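# structure for the following, please:
(2 chains)
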Amino acid sequence: MKLEIKGLTKRFGSFTANDHIDLTVEPGEIHCLLGENGAGKSTLMNMLYGLLEPTEGQIVVDGEPVTFSTPGEAIEAGIGMVHQHFMLVPVFTVAENVMLGREQTRRGVLDRKAASRLVRDLSDRYGLKVDPDALVENLPVGVQQRVEILKALANDAKVLILDEPTAVLTPQEIDELMAIMRGLKEQGTSIIFITHKLREVKAIGDRISVIRRGKVVGTAQPSASEAELAELMVGRSVQLTVDKAPATSGAAVLEARGISVVDPRGHLVVKDVSFEARAGEVLGIAGVQGNGQTELIKSLLGLVRPDAGQVWIDGRDISRHNPRESLEEGIGYVPEDRSHDGFVGSFSVRENLVLDLFRNEEFSRGPVLKRDAIEANARHRIEEFDIRTETMETPVASLSGGNQQKVVVAREFSRPLKVLIASQPTRGVDVGSIEFIHKRIIAERDRGTAVIIVSTELDEIYALSDRIAVMYDGRIVGTVDPSIPREEIGLMMAGATTSAAANGGAA
Amino acid sequence: MTTTTTGPAPASPGPGAPEAPVRDRADVRRQVRLVITFGLVLASLVVFALLVDDPAFTYLLGEKRTAEFVPKDGNATYISWGAVVIAAIALVLAALDRFPRGWKGALLGILVGLAFYAGFLMWAYTDQAEGGIQVFIANPIPGTIRIATPLVLGALAGCLCERAGVINIAIEAQFLSGAFFASVFSSIAYSSLVFIPVALCAVFGLLGGVLAGVLIAAMLGWFALRYRVNQVVLGVVLVAFATGLTSFLLGQIPSDHKETLNDPQVLEKIEIPVLADIPVVGDALFNQTLLVYLMYASVALVTFLLFQTRWGLRVRAVGEHPKAADTVGIQVNRVRWQAVLLGGVFAGLGGAYYTVGSTGAFDREVSAGTGFIALAAVIMGRWHPVGATFAAVFFGFMWNLQNQLSFVQPVPGELLGAAPYLATIIAVAGFVGRVRPPAADGEPYVKE
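Coordinates of the predicted model:
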């Protein structure tokens, strides 16, 4: 099936998310859509899938112009989509998820056997191993993604859209996904592969279209260098590595011993984790999302009470501290979900910059805030951290992701810190801001702060860390030096212990 | 390679090593809760047993004394101390952390509950002779079924709505309006519509109840799905609306029109041959009105619909992850509308119980808040029609117990009056354990 997009435009009010986009996907082609967060990739795909209605432009399938006002119509036309946030019902089985929307019945009763058979047939044909009767919520993310692909294939998708499919996968799972994609391509399925990761584009793409600020700014061949692609994507030349001197590690500042956390559903999600963070050193915590990192960090802060174990800062037990007391011990915290935990969206930049500081004498006297001091602080931080905002009174919610993150970082860095804990410090942040935030983190390290970085992006872990702890299934499976190759860390992220990884490992 | 073992503690074990030696806090809480509960049960059972002076009591296998059912004599001693033994076994198991889980645990729990019930009855019904009135333990099942009938129907409505992601606090509103219009329809059918046979007038009343239930459901759907009003607030408002409306309409009926508008024919009991002859339970379960049989059928029907049909799969999908349903071409709000309206049918039937299903004429707030108890049954039954049915039967049992005990001397009446509500709170708060409502319950679905 040949898919053409002609002059497709989407406006939200005065904001143009997609501006006259032209794109052609040939049958059996893997077409990569490369662009930064917020460049307009998802908007484009949602129009293609009937979730959004285009303001202007045309979608042409095999020479016939079509319009999709619901996903049902897009599916009918042979378009399948694997969403970044999976569209699976967690309490249903694989077969139930696959049959949903196209259920077969026998005398009114759901034909679950037929659905299981279909799943088994498809998974044999395309090499996607899945147990049709497993509950989706019990499956690892990589397998859940396979279920998403199966769902699309069950609908006879001729064009498959994969929206940031690698964000939640281990390096090995990414390899498997790419093998699956090649298999699909051989059987004639076209694939639109959306990503912001240059490495993947080069590894799998037949053709690359780059999107910036809602426009297609160019096409490239997979043979292009990463630097070229990055420049096309960002619009200027970018530095892909972080300059840093070797660390001068000092004494352990933060020590965690035997931390275990049970989540509200009763699962043990952090299992007897012990580590230490040393002054002047970056400890990177790597791992696929959902392996206990979130809960571990929250337990360090006092946002959840660990069910076992203790945390010390400079030898003082802070395990029973509430978050404010922990912050007062000198912890700086950049949360992984900034819009949820990092700022109050409807508050201004000025107010958000003192959100955990307004109690200090510097900013308040008794119950009264010192307006002048808070304004001076805002002016100073906005300049120092290059926060792009119209005024200091602009609500943070209306800033771009990168600038929102800079507000959080600026606030946390404006206190004297002993420990900096940053979770996903650059998630959903543009390349320019990534460079800036990385530099500031290294500067903080060089000032003698113990830094803990939690990231699911291996590139980021490698760029910043002086030591890497890998988490899998609630445990730290090993702590290694950043000189070890990516493949070994990848194996550890899938649960291999350090020694097994060193021996070539079993994945 | 540097395999640094960090921190003062030994290295974390790799996968395959035994689980970290932490006991789930919730697990510990469960044990503590069980020990305390069984401890209290055991203590009160011992007290009950010791307080029995004269172990003679009388019981009846039926609900009322008839030619078929005559009182028989029993001995309380064995029953009282047997109950103590059961509670003691449960306490020991819980204390040793050997109390079974899953259905075995549930069964053992029910057994302890029955033991408590038996021990309590022995205390309440012995040593009654001085008063001169003969009191006997009557069969609790017929009363339980009667009271549970509207609760079950209301809970089924709740299950349907909430499985589809719409919170239904308005079951009480559906009960009230169902009760009122069932009465009106039945009365009109009897007094004005000559072509309807007398025996069918009450059935015609059921139709009125269903219509009223669906009407309230339509209001719920209209505001919750169309205008995305907060569903909890909306439900409470609908209850206030239905209370006011039915009271107002009742007041508008002139006294000389009572017979034509609010003097309904009630449903007749229908005995099912063979089944009704089963000892102890047969008469209670299978010599009932049409409404009770409809209730049995509804439980099976809703369970089948939700879990075995295409429609049910879609209902559950829109209640759990509406966006996922949308992306496979399911029209979320249409499915939600269907579930809410179908729920109205069952809730309306439940309301009809309070007039044509039992006493007859409608009275102000005749359902007395039972719609909220039905809602509690939904939660305690974990949003499953069968679970909700069991919960509703349990509440019906407590209610019936209160009615029966109001004739017995040693139990203070005020406390008894509160007992069913108290049981509801304890059951919902304490014994449901970890419940997970449908993930999108109460969340309107908005396309981006």
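# which residue is the nearest non-sequential neighbour of residue 45?
Defaulting to chain A. Nearest residue to residue A:45 in three dimensions, chain neighbours excluded: residue A:161, at 5.3 Å (Cβ to Cβ, 6 or more residues apart in numbering or on different chains). Bear in mind the C-beta positions are built from the backbone N, C-alpha and C, glycine included.
# oops, chain B please
residue B:119 (4.3 Å).
# kindly report the same for residue B:340.
Per Cβ to Cβ, 6+ apart, closest to residue B:340 is residue B:221, 4.4 Å.
# check which helices and strands whichever strand or helix holds that neighbour sits against.
Assessed by DSSP states H and E, residue B:221 sits inside helix B:198-221. Of the remaining helices and strands, those touching helix B:198-221 by 3 or more Cβ pairs under 8 Å, 6 or more residues apart in numbering or on different chains; DSSP states H and E are helix B:141-163, helix B:171-191, helix B:231-252, helix B:290-308, helix B:332-352.
# right, is the fourth one up against chain A?
Pointing back at helix B:290-308 there. Yes - residues of helix B:290-308 contacting chain A under Cβ under 8 Å from any Cβ of the partner chain: residue B:308.
# chain center to the following helix or strand past that helix: distance?
On the C-terminal side of helix B:290-308, the nearest following helix or strand under DSSP H and E is helix B:310-320. Offset of helix B:310-320 from its chain centre (Cα atoms, centre = their mean, to the nearest Å): 24 Å.
# so what touches helix B:310-320?
With Cβ atoms under 8 Å, 6 or more residues apart in numbering or on different chains as the test, helix B:310-320 has contacts from A:89-92, A:96, A:99-101, A:103, A:105, A:110, B:160, B:162-165, B:304-306, B:324-325, B:330, B:332, B:335-336, B:338-339, B:438-441, B:445.
# burial count for the closest residue to chain B within the stretch 301-450 of chain A?
Among all residues of the stretch 301-450 of chain A, residue A:308 sits closest to chain B, at 4.3 Å; criterion: Cβ to the nearest Cβ. Burial measure for residue A:308: 20 neighbouring residues, criterion other Cβ atoms under 10 Å in any protein chain shown.
# correct me if wrong: it contacts residue A:272.
Yes - the criterion here is Cβ atoms under 8 Å, and residue A:308 meets it with residue A:272 at 7.4 Å.
# what's the domain layout of chain A?
Following automatic domain parsing, one finds the domains of chain A at A:3-234, A:252-341+A:417-502.
# around chain A, pick out the residues from the stretch 51-200 of chain B.
Close to chain A, as judged by Cβ under 8 Å from any Cβ, the stretch 51-200 of chain B has no residues.
# residue of the stretch 51-200 of chain B nearest chain A, please.
Residue nearest to chain A within the stretch 51-200 of chain B (Cβ to the nearest Cβ): residue B:163, separated by 11.0 Å.
# for that residue, give me the pLDDT.
Predicted confidence (pLDDT) for residue B:163: 96.
# does it touch residue B:382 like I think?
No - counting by Cβ under 8 Å, residue B:163 stays clear of residue B:382, with 11.1 Å between them.
# the more surrounded of these two?
The neighbour comparison of residue B:163 against residue B:382 (other Cβ under 10 Å) goes to residue B:163, with 26 against 17.
# burial of the closest residue to the more buried one other than its chain neighbours, as a residue count?
Take residue B:163 and drop its neighbours on the chain: the residue closest to it by Cβ to Cβ, 6+ apart is residue B:319, 4.8 Å away. The criterion is other Cβ under 10 Å. On that basis, residue B:319 has 30 neighbouring residues.
# state the distance from the residue of the stretch 51-200 of chain B closest to chain A to residue B:326.
17 Å (Cβ to Cβ, to the nearest Å).
# can you check residue A:245 too?
52 Å.
# now swap in residue A:173 and tell me
27 Å.
# cool, residue A:280 as well?
Residue A:280 is 51 Å from residue B:326, by Cβ to Cβ.
# what about these two, which has more around it?
Shown here are residue A:280 and residue B:326; by other Cβ under 10 Å, residue B:326 has more neighbours (23 against 19).
# three-state assignment of the residue of the stretch 301-448 of chain B found nearest chain A?
Residue nearest to chain A within the stretch 301-448 of chain B: residue B:329 (2.7 Å; Cβ to the nearest Cβ). Under DSSP: H, G, I helix; E, B strand; the rest coil, the three-state class of residue B:329 is coil.
# quick one: stretch A:124-134 near chain B?
No - using Cβ under 8 Å from any Cβ, stretch A:124-134 stays clear of chain B, coming no nearer than 14.9 Å.
# distance between the ends of that stretch?
By Cα to Cα, to the nearest Å, the extent of stretch A:124-134 from end to end equals 17 Å.
# how's chain B carved up into domains?
B:25-131, B:141-431.
# which one of those domains has the most crowded surroundings?
Comparing the domains of chain B by mean neighbour count (mean count of other Cβ atoms under 10 Å in any protein chain shown), domain B:141-431 comes out on top with a mean of 21.
# residue contacts, the residue of chain A found nearest chain B?
Going by Cβ to the nearest Cβ, chain B is nearest to residue A:72 of chain A, at 2.7 Å. Shown in contact with residue A:72 (Cβ under 8 Å, 6+ apart): A:50, A:101, B:328, B:329.
# residue B:139: which of those is nearest?
Residue B:139 lies nearest to residue A:101 out of the contacts of residue A:72, by Cβ to Cβ, at 50.1 Å.
# what pLDDT is listed against the closest residue to that closest one other than its chain neighbours?
Of all residues not flanking residue A:101 in the chain, residue B:328 sits nearest, at 3.1 Å (Cβ to Cβ, 6+ apart). At residue B:328, the pLDDT value in this model is 89.
# in this structure residue B:328 contacts residue A:75, no?
Yes - Residue B:328 lies in contact with residue A:75 (Cβ under 8 Å); the separation is 7.1 Å.
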